[in-house]
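In: Whatever this is, show me its structure:
(chains A and B)
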2 protein chains.
Amino acid sequence: MGKIIQPRTLKGFRDQLPASMIPRERLIDTAREVYRSFGFVPIDTPALEYTEILLGKGSDESDKQMYRFEDPGGRDVSMRFDLTIPLARFVAQHVGTLGTPFKRYQIGPVWRGENTQRGRYREFTQCDFDTIGTESALADAETILVIHSLFSRLGVGGFTIHVNERRILSGLFDRLGLLDVSVPLLRALDKLDKIGADGVTAEMVREASVTEQQAQEVLRWAGLKGSNQEVLDALPEMVAGSEEGEAGLKRLREVVEGATAGGVTADQLVINLGIARGLDYYTGIVFETTLDDLPGIGSCCSGGRYDDLASLYTKQRLPGVGASLGLDRLLAALEELERTEQIATTADVFLVLFGDQRIPDHIQLAAELRSAGLNVELYPEPKKLSAQFKYADRRGHTLAIVVGDEEWQRGVAQLKQMGNKQSQEVPLKDLPAACRKLLAGE
Amino acid sequence: MGKIIQPRTLKGFRDQLPASMIPRERLIDTAREVYRSFGFVPIDTPALEYTEILLGKGSDESDKQMYRFEDPGGRDVSMRFDLTIPLARFVAQHVGTLGTPFKRYQIGPVWRGENTQRGRYREFTQCDFDTIGTESALADAETILVIHSLFSRLGVGGFTIHVNERRILSGLFDRLGLLDVSVPLLRALDKLDKIGADGVTAEMVREASVTEQQAQEVLRWAGLKGSNQEVLDALPEMVAGSEEGEAGLKRLREVVEGATAGGVTADQLVINLGIARGLDYYTGIVFETTLDDLPGIGSCCSGGRYDDLASLYTKQRLPGVGASLGLDRLLAALEELERTEQIATTADVFLVLFGDQRIPDHIQLAAELRSAGLNVELYPEPKKLSAQFKYADRRGHTLAIVVGDEEWQRGVAQLKQMGNKQSQEVPLKDLPAACRKLLAGE
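Out: Residues are numbered from 1 along each chain as shown, chains lettered A, B, ... in the order given. Model (predicted):
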């Protein structure tokens, strides 16, 4: 036996133990069900791509964070940083086969060599959905409806979808003569929650070379408060004379109308002119989603419209709109809100293994219960009852079944509820029905 | 606009388009359901680990195939090559929290810088399940039951699980005085399907320094044919006098008995002494699974017992048994057997968007249908009917709904079956029930 290698993960990487993986799988399942209910279809793209492809159009900051290396064939390759750039490459490559509009979801890990000090991880899962190949307001509204449907089902309590249209801000910049510095202005505005109004003003003055007064004018409009109708009524003044601003305002009205028709209530959808999104590729609607019970955790689902992302890879115009679900942030929120169960089993029913000679009988009984649609874990060794129950307690099974020698003779089982320790004798043939009844809480 | 970057994937990597991703997701869902029905719990481990961890105990061949590089922090890291070595590291690290027995499944991508000429890919998905921390025969038998349950549900037709016990071969080697060359003997034997009896004989003579006669004696036993009972009856002679061989034979009997009790039929489980498995870490039962309609595609689910894999990372003894589902091979088989549907949509119902002024009405109708549990795709632009139907034809929706202006007035819809082009008029309020009825094939 050689020396022991210390078992450990890399900094910024982590294992998912069952107690965290089970709610994670449940959340991903819900996201998939919702995406599918709107007709989004699954795709996948490689973890590794040519660096040239991925360098694409993210911000400078994102380029610096890529895991980049030379592969054994001498190619300059990188691990994917998000699922948006690969999507742009994917549709450019396959649009002839896919046709448009193309609605896809993609769920998978991405890697960023980020500073881990802020509790961020270098490997995390993204859950994206996007509609490619249409500029329609309906696709924008539907993106909000997907978020609405998703958060209504996640069990995270109330939520607010904050929506903006970048062209409305552009209209303001246009009116103020600041169109050519809109990128640094938007980047600064995106940090409002983090660095406050004074910080944003300072950054705008520094990075966009605007006057303090101009920065404050931008911030005044970005902070506009009121009902959606009040804000919509005030906006014509903000974008007056800017064609782009007026187009953005028209689009925002259509999106709010569409989302409302689809069941989003006025308190769930809020026009927020302060939402800018840091990424440079957004060109229209942008949105973020916060949890009413935990606003401080930040946006748990963000996205927007990007009308020329695929232009890096094709001359065909492929506009898109979509969003990314912040899976890890949502799981952290669910945990903080104590809305996850601490369960480390996928089987409701635990079958105690009793007696060396009865192993085939137990295997057969477990198989019968599974055929009846129950998830059943059979303990693999005929250990003492107390040891087996300790195991089941730790895992969190709901029901336990014990069939001792004498019970096999009589064709009955002891069916025990692990929560309240109540036990009942049930004929073996009635076990599936009895289990289902207890599991349904009857 | 800068120059166009040619959209492409790396050699050995591929995109998953919806038509292949939809059956892939279905297969993974089935695997998860089956694993969960036996109480296996999900975990995940990082894609990147310290190279030192992953170099572990695979074969020399696997070590050469790793994607290995220096990360930005100067660490020697590699992308995971399989899910077994990371599992060994995982349980060594977390056994205190997890407790034993520990039954886990893990589904995720792995990377190998393999020669791609044999139609192999450098990125593929593994679907593993393992039971750690028990040496019980029940856990071995249960592994076979999981494979049996899985393949019974996959729709791949008949299948055969080939089972062997490495210690029985060791018993033979012991009797022939060849125990010290069992590793090269097993590696050679594993190639029987690929290089034939003559090739294996030659490799045994060359790599294990045995005589041709000894090699043929090994091959004679490895090729033993007959019913499981006949083979079990012949085996005492093969392992006579070897304690290890007799322990292996006892275990094989128990496993066959347990699998039979769980519902595996005699034609689905075949003792095959030629199954050796190339990997060095197996120490007991080993198995492979072939499709009766496509035996040539090779094993679609393989695994076995490894009793000291975690010993690289901990002094605690952590025996295990498990298997890996060959997802890509199975999907290729399903395609070759023409048992996958060519569908590129997740929505059964396609809702035509009709009329600029009716967009909110359509959004509301789609939302109502979804609330009734239907998956509904609403076309995002009010294009010509023919264009929208062409889209639906291409995607493969089952039903299409058209509500024109006049139909909105009357509160009805045209409900069309895309397959036979039959159409019926249905009151809007009855649409969910009418859709469900048609989808159920009534």
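In: which non-adjacent residue is nearest residue A:361?
Out: Among residues not flanking residue A:361 along the chain, residue A:408 sits closest, at 6.3 Å (C-beta to C-beta, 6 or more residues apart in numbering or on different chains). C-beta coordinates here come from the backbone N, C-alpha and C atoms, glycine included.
In: Does that neighbour fall in a helix, a strand, or a coil region?
Out: Recorded secondary structure, residue A:408: helix (DSSP: H, G, I helix; E, B strand; the rest coil).
In: neighbours around residue A:382, how many?
Out: Residue A:382 has 18 neighbouring residues, counting by other C-beta atoms under 10 Å in any protein chain shown.
In: ditto for the one 3 residues further on
Out: Using other C-beta under 10 Å, residue A:385 has 14 neighbouring residues.
In: what sits against it?
Out: Going by C-beta atoms under 8 Å, 6 or more residues apart in numbering or on different chains, residue A:385 touches A:352, A:354, A:402.
In: same thing but 7 Å
Out: By C-beta atoms under 7 Å, 6 or more residues apart in numbering or on different chains, the contact set of residue A:385 is residue A:352.
In: same question, residue A:286
Out: Taking C-beta under 7 Å, 6+ apart as the contact definition, residue A:286 lies against A:164, A:166, A:275, A:277, A:304.
In: Once you drop chain neighbours, what's closest to it?
Out: In this structure, residue A:286 finds its nearest non-sequential neighbour in residue A:304, 3.6 Å apart by C-beta to C-beta, 6+ apart.
In: Doesn't the one you found lie inside a helix?
Out: No. Going by three-state DSSP, the assignment for residue A:304 is strand, not a helix.
In: For residue A:306, list each beta-bridge partner.
Out: When bridges are called by DSSP bridges, residue A:306 pairs up with residue A:320.
In: check contacts around the residue nearest to residue A:286.
Out: Residue A:304 is in contact with A:277, A:282, A:284-287, A:321, counting by C-beta under 7 Å, 6+ apart.
In: Would you mind measuring from it to residue B:230?
Out: Separation of residue A:304 from residue B:230 (C-beta to C-beta, to the nearest Å) stands at 69 Å.
In: Can you pull the poorly scored residue ranges out of the stretch 201-350 of chain A?
Out: A:278-280 (pLDDT under 70).
In: near chain B, which residues of it show up?
Out: Residues of the stretch 201-350 of chain A found near chain B (C-beta under 7 Å from any C-beta of the partner chain) are A:257-258, A:261-263, A:311-315, A:344-347.
In: Is it possible to mark the buried ones in those residues?
Out: A:258, A:261-263, A:311-314, A:344-347 (16 or more other C-beta atoms under 10 Å in any protein chain shown).
In: Pull the most distant pair out of those.
Out: Spatial extent of those (C-beta to C-beta) is set by the pair A:311 and A:347 at 50.7 Å.
In: returning to that earlier point: in helices, which of the buried ones among the residues of the stretch 201-350 of chain A next to chain B appear?
Out: Per DSSP state H, helices hold the following members of those: A:258, A:261.
In: quick one, phi/psi of residue A:265?
Out: Main-chain dihedrals, residue A:265, degrees, to the nearest 10: phi -90, psi 160.
In: Distance check, it against residue A:257.
Out: In this view, residue A:265 and residue A:257 are 14 Å apart by C-beta to C-beta.
In: Fine by me, we can end here.
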